[in-house]
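Chemist: build me a structure from this.
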Amino acid sequence: MNYNIAIVVSLLICAIISFIIGFYGVSLFLDEKSAYFKIFQLIVTIILMMSIYSPIKFILLKYMNIDFYDKKKE
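Modeler: Okay, the predicted model is just below:
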């Protein structure tokens with residue numbers, strides 16, 4: 001597989017996990033009818049995506065045996 005495909009797959013995995021955790025995490029504190037529900041859900045999702053994207057990308061690239069730096073040397 002290509003490096004770009006691995007990045008897109010890791011973004012999709014990260015987005016799905018972030019949206020699920022963000023929705024249920026905010027649901028614990030706010031009602032869905034609250035005016036601030038979507039705002040806090042967006043904030044939590046962005047924070048989660050920033051914090052779990054890199055580990056997911058690293059694990060996926062390691063699992064797929066893709067080394068970006070070797071291709072740059074050629």
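
Chemist: let me know the next secondary structure element after the helix or strand where Asn4 lies.
Modeler: Assigned by DSSP states H and E, Asn4 falls within helix 3-29. Per DSSP H and E, the first helix or strand lying C-terminal to helix 3-29 is helix 37-64.

Chemist: the inter-axis angle of that following helix versus helix 3-29?
Modeler: 140 degrees (axes from the mean of the first three to the mean of the last three CA atoms, to 10 degrees).

Chemist: closest to the centroid, which residue in the chain?
Modeler: For the chain, the residue nearest the mean C-alpha position is Cys14 (2.2 Å; CA atoms, centre = their mean).

Chemist: quick one, what contacts that one?
Modeler: 49, 52-53, 56 (CB atoms under 8 Å, 6 or more residues apart in numbering). C-beta coordinates here come from the backbone N, C-alpha and C atoms, glycine included.
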